[in-house]
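> next one to model:
(chains A and B)
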Amino acid sequence: MRPKVRAYKRPSKISEYPSAPAFESGHLVTKNAGWRTFVPIVDPEKCVGCLRCYLVCPDGVIARTENNKVEIDYDFCKGCGICAHECKVKAITMKKEADEDEI
Amino acid sequence: MKSNLKFVSGDEAVALGVRLARPHVISAYPITPQTIVVERLADFVEDGSLKAEYMHVESEHSAMAAAMGVSSVGARAFTATSSQGLLHMAECVHYASGARFPIVMMNANRSIAVPWSIYGDQRDSLGLLDSGWIQVYVEDAQEALDMMIQAYKVAEHPEVMTPFMVNLDGFVLTHTYEPVEVPDQKQVDDFLPMYQSTNKMSMDEPKSLCFSTSPADNQEFKYMQHKAMEGSVDIIREVDAEFGQVFGRYYHGMTESYRCEDAEAVLMTLGSVTGTVRTVVDMLRAEGHKVGVFKIRYMRPFPQDEVKELGKLGSRVGVLEKNISFGNEGTVFTNVNSVFSTLEKRVESKNYVGGLGGRDITKEDIRGIFMDLLSKEPFTERVEFIGMGCDTNE
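Below you'll find the predicted structure:
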């Protein structure tokens, strides 16, 4: 299950703040991928569904799909390239962000 | 009530109090003069009389980091330190209060290097007055034991949720022996039930703890911390009163005033020196001098109401402390005068700094202070170092 972006309502009263700096995990208030330069593209034909990329992604943005392949959440992918580097069958390639308008 | 008197040191009294409070985890690193506290607790875990995890850590920084880990799953944490150890954990000390973890810590008040010294003064904890911890200073071993139990009840109160530091004067209190009444475990369990925190990690309600904020939200959390600390004054008074009803020992809440009502001279104290000052007060009263002693128990939250009431009595006030903020004055003195400044009538006050690096504060020293206060001569200096061993003019 992927977390969803939820709108952040700025508290207007102090009582609306949590009493300690702690809050429900996975409460995302904004997309966060603005500094990505290279973007990983998965080739579903080459992907064998080993899930190595799913395990190594430091931001947890790679999800399993129903057919046991993978899908990348580009709203939060930072473009670090670890998935592409670790993919044994070279199913993931890093492409220049500006060249990938379809994403 | 069945009496259970034990002849123990201040450190041992702390360990007995902690055992009664039933912490889940003790994370500790030994340091003189705190060591006996954690040694006794290790014994208790070993002999099975305390069902707790005993964590050996590699430093005080880790001891407090571990205590935060314990508190972050809603469990009860205890640690103890002193002096250089407290300073080494300073980063985590602030972290724990900001995170609103109700950790209880014993601190054996000891001098800060250099010159290197293992002996007592109060410059370690007073140097962390702004760290967001409740700070109490106890006078004897019985108060030390009792405050370990009260500390958890105050710290864990849902409106407080603030860590609590119990301070004992190094050696003078930690290593001297007194008969101490050890409360009954059942009574302590009823007084101090296990707390339920919502500020914790759990599988049922996953939370991210100790998060970052941008400048847009940070100040609100600091405001809430300040308000919780201010509000803890009422909880401290309530808990002390209830403790008095249940266990028969009441410590008068934030401060304790002795023979101050009609006093021309009052000496304010912090910690174990209070006992000596009380003795001198009785001696001087017997000679016809109107003197009193005002024991400050809590430095944070600061006893503003009580100090204000004392200021209204019109006596000349001395503040005796084992501390100096170099280039200014003793910090206790600064705090006291800040409250006095709210009064219409000016209070004549003077700071007496002594006992640094473990030097004894004698009855003669205290008598000298009272004579200075009673003289009615204008004070020639604001801050006086008492008990100097040599001529400071040459």
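
> give me the residue ranges of chain A where confidence is low.
A:1, A:100-103 (pLDDT under 70).

> how far away is the most centrally placed residue in it from residue B:76?
Geometric centre of chain A, nearest residue: residue A:61, 2.6 Å, by CA atoms, centre = their mean. To residue B:76, residue A:61 is 38 Å away according to CB to CB, to the nearest Å. All C-beta atoms are positioned from the backbone trio N, CA, C, and that covers glycine.

> ok, residue B:268 next?
From residue B:268 to residue B:76 the distance is 34 Å (CB to CB).

> what number of residues lie near residue 17?
By default, I'm working from chain A. 16 (other CB atoms under 10 Å in any protein chain shown).

> wait, chain B
There are 30 residues near residue B:17, going by other CB under 10 Å.

> what strand or helix carries it?
Using DSSP states H and E, residue B:17 sits in helix B:10-21.

> need phi/psi at residue 77.
Picking chain A for this. When quoted as degrees, to the nearest 10, the phi and psi of residue A:77 stand at phi -70, psi 130.

> ah, I was thinking of chain B
According to degrees, to the nearest 10, residue B:77 has phi -120, psi 150.

> and what of the one 5 residues further on?
Dihedral angles of residue B:82 (phi, psi; degrees, to the nearest 10) stand at phi -170, psi 150.

> touching, it and residue B:33? I think so.
Yes - judged on CB atoms under 8 Å, residue B:82 makes contact with residue B:33 at a distance of 6.3 Å.

> sorry, back to before: list the contacts of the residue nearest to the centre of chain A.
A:72, A:73, A:74, A:76, A:77 (CB atoms under 8 Å, 6 or more residues apart in numbering or on different chains).

> if we use 10 Å, what do you get?
Neighbouring residues of residue A:61 by CB atoms under 10 Å, 6 or more residues apart in numbering or on different chains: A:2, A:32-33, A:40, A:54, A:71-78, A:83.

> could you do residue B:134 as well?
Applying CB under 10 Å, 6+ apart, the residues contacting residue B:134 are B:97, B:102, B:104, B:151, B:154-155, B:160, B:162-166, B:228-229, B:232-233, B:235-236, B:298-301.

> hey, where'd the strands end up in the stretch 251-394 of chain B?
For the stretch 251-394 of chain B, the strands defined by DSSP state E, counting those that start in this stretch cover B:255-258, B:265-270, B:291-296, B:298-300, B:316-321, B:349-353, B:383-385.

> just the stretch 1-150 of chain B next, same as before
According to DSSP E, counting those that start in this stretch, the strands that the stretch 1-150 of chain B contains are B:5-9, B:25-28, B:53-56, B:77-82, B:104-109, B:134-137.

> also chain A?
A:22-24, A:38-42, A:62-64, A:70-72, A:92-96 (DSSP state E).

> count of neighbours near residue B:190?
10.

> how far off centre is the helix or strand harbouring it?
Using DSSP H and E, residue B:190 maps to helix B:185-191. On the basis of CA atoms, centre = their mean, to the nearest Å, helix B:185-191 sits 23 Å off its chain's mean C-alpha point.

> next SSE after that helix?
Next element after helix B:185-191 (DSSP H and E): strand B:207-209.

> mind listing what's buried in stretch B:182-198?
B:182, B:183, B:188, B:191, B:192, B:195, B:197 (16 or more other CB atoms under 10 Å in any protein chain shown).

> can you give me the end-to-end span of it?
32 Å (CA to CA, to the nearest Å).

> before we move on, what about stretch A:83-95?
13 Å.

> what about residue B:122, distance to residue B:271?
In terms of CB to CB, residue B:122 sits 7 Å off from residue B:271.

> overlap in contacts of these two?
Joint contacts of residue B:122 and residue B:271 (CB under 10 Å, 6+ apart) are B:109, B:137, B:167, B:169, B:321, B:322, B:355.

> confidence score at the closest residue to the last one other than its chain neighbours?
Put plainly, it is residue B:355. Closest residue in space to residue B:355, ignoring its immediate chain neighbours: residue B:322 at 3.9 Å, by CB to CB, 6 or more residues apart in numbering or on different chains. Here the pLDDT value assigned to residue B:322 is 98.

> go on, the one 3 residues further on?
The per-residue pLDDT reported for residue B:325 equals 98.

> test my guess that it contacts residue B:123.
Yes - when contacts are counted by CB atoms under 10 Å, residue B:325 is listed as touching residue B:123 (8.9 Å).

> residue B:291 - how many residues pack around it?
30.

> right, and it touches residue B:317 too?
No - look at residue B:291 against residue B:317 with CB under 10 Å: they stay out of range, at 11.3 Å.

> so what sits against both of the two?
Common neighbours of residue B:291 and residue B:317 (CB under 10 Å, 6+ apart) are B:260, B:263, B:265, B:266, B:267, B:373.

> OK, contacts around the fourth one?
Okay, so that is residue B:266. B:257-260, B:281, B:290-294, B:310-311, B:313, B:315-319, B:347, B:349, B:370, B:373.

> let's see the pLDDT reported for it.
98.

> would you check how far apart the residue lying closest to residue B:207 once chain neighbours are set aside and residue B:96 are?
Among residues not flanking residue B:207 along the chain, residue A:22 sits closest, at 5.0 Å (CB to CB, 6+ apart). Per CB to CB, residue A:22 is found 13 Å from residue B:96.

> give me the number of residues near the nearest residue to residue B:336 once chain neighbours are set aside?
In this structure, residue B:336 finds its nearest non-sequential neighbour in residue B:319, 5.4 Å apart by CB to CB, 6+ apart. Residues near residue B:319, counting by other CB under 10 Å, number 26.

> give the contact list for residue B:358.
B:33, B:110-111, B:117-121, B:169-172, B:322.

> what's the burial count for residue B:380?
Residue B:380: 8 neighbours (other CB under 10 Å).
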